[in-house]
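Asks: I'll drop the sequence and a predicted model, then ask my questions.
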Amino acid sequence: MNIMLWLGAALNEAVQRDEEAAVGDLSTIVSETAASQEAALPGEAETLAHSEAVETPLAAFGRQVAPVPSTSAALPRRSRLSRSAGTVNVLALAALLGKQGQGSDLAYDTAISRLLGWLRSKGFIISDASMNAHVELSGGEVSIETDGADIWSMRFDDRRTMDQGAIWRIEATLIRLPRPAISLRLVQVRSSEDAPPPPDSGVPTVVAAIAGEVGLEDAGVALSNAAVHLSGDKQFRWLAQLLLNTNRTQPVIVICGEVDDSANRLAKRLTGVAHVVCIDHGISAHLVRVFGRDRSVFGHAVRFYRPGFKAEADPDQHPLWTLKGAQLAKWLANDIFEEACAISLEADDLEDRAPSFQAVRSHLAELRLASSEQRISALRDQVENIASSTDEQISQLQAIRSELESSLAEYKTKVRDLDEHVAQLRDDLKATRGERDLAREDARKLDYQLTQRWIPDVVEYKELGSERHYPDNWEDLETWVELYGENKLVLHPLAIKAAKESQFNDIAFAYQSLEYLVRYYVPMRNRDIDDIGAYQNSQQALAGLGLVLSGVGTALNDSRYKQEYRRQYEGRSIWLDTHLKKGVGFDPSVAFRLYFHYDEATAKVVVGHLPSHLTNRISHSG
């Protein structure tokens with residue numbers, strides 16, 4: 001069972017913490033002289049944060065390691081989160097709870113108390129932490145599963161962002177061991193690809209609170225909720241050991257140079273998922289000497305050290321950014337956050353490392369069933385061996401019946417949970433298929449573009465520019481817009497989807513309509529006030545195609561239909577307020593409609609739907 005695998009792994013890790021005297025081996029990169037003078041380096045986040053002096057300094061660091069050229073032909077590895085519709089795992093973390101000198105029961109109980117307080121701040125009141133519970137409000141839903149002693153798990157569905165196309169799900173599980181442990185998952189359930197992207201989020205704030213008050217630890221290193229500041233030569237060895245730690249599952253973000261509180265904000269946002277370390281130029285110089293310039297960070301820059309870093313690692317697999325100013329730019333923080341979160345999902349088997357709420361619930365149900373069966377067996381023995389009268393037998397049989405009914409309820413719960421799990425797997429399969437289809441579409445586009453580059457040289461450039469190709473299929477739609485759109489045309493994903501699902505017969509005409517927007521409509525919108533030539537050209541082109549250009553009428557004022565005309569473009573809402581039309585009636589095979597929005601800021605046409613009708617008062621009645 002997954003939960004048992006996790007319990008065993010956490011126990012083994014706890015034992016290793018006691019047996020290991022140091023993490024990492026620098027013998028191959030630090031000289032024997034320096035190693036003989038090694039002193040204890042700060043091991044607690046609090047010590048690091050205050051940059052306290054180390055008792056015995058390292059006298060010197062060893063020989064410089066010459067840069068090792070990379071022999072890998074692979075492109076730099078960049079981990080990313082999915083944007084597809086469906087259930088998307090955003091991050092996962094697993095850590096031991098507590099600090100040195102703190103009792104395990106206190107750490108376990110305090111962590112649960114902080115989680116309940118966090119839920120309470122959102123309006124969800126759990127009166128008894130030792131009992132199973134379920135609370136549902138308009139803004140979300142909370143479920144608690146526990147054995148009342150050693151295992152406690154929660155699932156919180158935050159629905160406050162449902163109107164934006166997504167809900168957030170937080171699943172946290174705690175176990176009480178000789179050293180308690182916690183795991184947490186953050187999941188985004190996306191109803192469409194237009195939902196806010198996962199990098200807009202962060203680790204739940206309650207994790208930072210637990211890290212600060214209770215303490216989190218993984219691979220022998222404290223997980224801090226603030227940036228760790230290192231200065232001077234004495235603390236370099238701790239950083240080197242952290243980078244080379246083979247048990248490390250979190251990336252290390254090393255910032256060199258002056259940086260403001262944005263480093264602490266990034267560390268809090270990544271509590272438990274990554275280490276954020278700020279170093280001075282002295283430590284930077286040692287990084288260059290020991291690991292080589294290509295694998296170090298110096299000047300005013302940030303480096304992202306992935307897990308598994310070695311002295312001879314390929315530098316391209318550990319990206320480097322140059323900083324401008326003392327603040328981490330928002331795009332850079334989001335980029336680092338997304339890659340760190342994606343890495344947190346790659347460490348070991350996700351279900352073993354951070355079991356889902358569903359897995360914990362199933363495990364606890366099995367424990368309850370086993371306990372119930374033991375009680376039933378004991379009662380049967382009592383009926384057979386102890387009962388001496390009819391009344392006692394009836395009492396025992398009633399007790400057996402009660403236990404059987406309890407077991408039946410547990411089995412029903414397990415069946416319901418399995419049904420939910422199957423439904424989730426189906427959603428995940430659908431999302432995976434969607435990603436596969438997108439990958440196939442990208443491959444087809446690249447193949448098409450490659451083919452276009454091999455057009456015989458005898459074809460004049462003028463001919464390519466003047467002769468337009470109007471495909472008779474929708475598969476070439478995006479490629480055609482890239483080739484002939486002149487950067488004036490934007491196809492919304494919903495328009496592409498509607499086109500590929502349409503029954504319209506004259507597909508080539510749809511391409512001619514798109515060409516009208518590029519060659520005549522945009523110039524007409526951008527013309528000088530006294531330029532009537534562009535307007536006349538537009539009218540002539542419309543007449544030649546048999547098209548009518550007009551607004552969408554009262555559809556945008558009708559609450560029943562207006563949402564069909566709404567699209568997301570560059571992080572804001574736009575309305576499809578204009579359309580091209582040809583033909584009457586509502587036969588989707590012959591009637592043509594193209595709905596779009598002209599963006600004044602970019603001078604581009606955003607096509608939101610084609611080639612069929614959107615709903616309005618007339619089409620609804622028809």
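Replies: Nice, thanks for sending it over. Numbers count the residues shown, from 1 in each chain.

Asks: Tally up the residues packed near Ser573, please.
Replies: 8 (other C-beta atoms under 10 Å). In this view, the C-beta of every residue, glycine as well, is placed from N, C-alpha and C.

Asks: That one belongs to a strand?
Replies: Yes: counting by DSSP: H, G, I helix; E, B strand; the rest coil, one finds Ser573 located in a strand.

Asks: count of residues packed around the closest residue to it other than its chain neighbours?
Replies: Using C-beta to C-beta, 6 or more residues apart in numbering and skipping the chain neighbours, the partner closest in space to Ser573 is Arg566 (5.8 Å). Counted by other C-beta under 10 Å, the residues lying close to Arg566 total 12.

Asks: From what I see, Arg566 and Arg572 are in contact.
Replies: No: counting by C-beta atoms under 8 Å, Arg566 sits too far from Arg572 to count as a contact (10.9 Å).

Asks: Just the CA coordinates for stretch 328-335, please, in CSV.
Replies: Output in CSV follows, covering the C-alpha atoms of stretch 328-335 (Å, rounded to 0.1, in the frame of the first residue of the first chain):
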residue,chain,number,x,y,z
LEU,A,328,13.9,39.7,-8.7
ALA,A,329,11.7,40.4,-11.7
LYS,A,330,8.2,38.9,-11.6
TRP,A,331,8.8,36.9,-14.8
LEU,A,332,12.0,35.5,-13.3
ALA,A,333,10.4,34.6,-10.0
ASN,A,334,7.6,32.8,-11.9
ASP,A,335,10.0,31.0,-14.1
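
Asks: contacting residues around it?
Replies: 199-200, 255, 259, 262-263, 265-266, 269, 302, 321 (C-beta atoms under 8 Å, 6 or more residues apart in numbering).

Asks: Please render the residues you listed as JSON lines that adds neighbour count to the earlier fields.
Replies: JSON lines is the format used below for the contacts of stretch 328-335 (neighbours: other C-beta atoms under 10 Å):
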{"residue": "Pro199", "neighbour count": "20"}
{"residue": "Asp200", "neighbour count": "13"}
{"residue": "Ile255", "neighbour count": "24"}
{"residue": "Val259", "neighbour count": "20"}
{"residue": "Ser262", "neighbour count": "18"}
{"residue": "Ala263", "neighbour count": "23"}
{"residue": "Arg265", "neighbour count": "17"}
{"residue": "Leu266", "neighbour count": "25"}
{"residue": "Arg269", "neighbour count": "22"}
{"residue": "Val302", "neighbour count": "24"}
{"residue": "Trp321", "neighbour count": "16"}
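
Asks: And the residues you listed, which is closest to Leu547?
Replies: Nearest to Leu547 among these: Asp200, at 40.1 Å, using C-beta to C-beta.

Asks: Apart from its neighbours in sequence, what residue is nearest that closest one?
Replies: In space, Asp200 comes closest to Asn334 once its chain neighbours are excluded; the distance is 7.5 Å by C-beta to C-beta, 6+ apart.

Asks: pLDDT below threshold where in this protein?
Replies: For the chain, the stretches flagged by pLDDT under 70 are 1-77, 384-389, 437, 441, 444-445, 447-449, 451-467, 618-622.

Asks: Select the longest strand from it.
Replies: Scanning the chain for the longest strand, with DSSP state E as the assignment, gives strand 86-97.

Asks: End to end on stretch 483-500, go ahead and measure it.
Replies: 19 Å (C-alpha to C-alpha, to the nearest Å).
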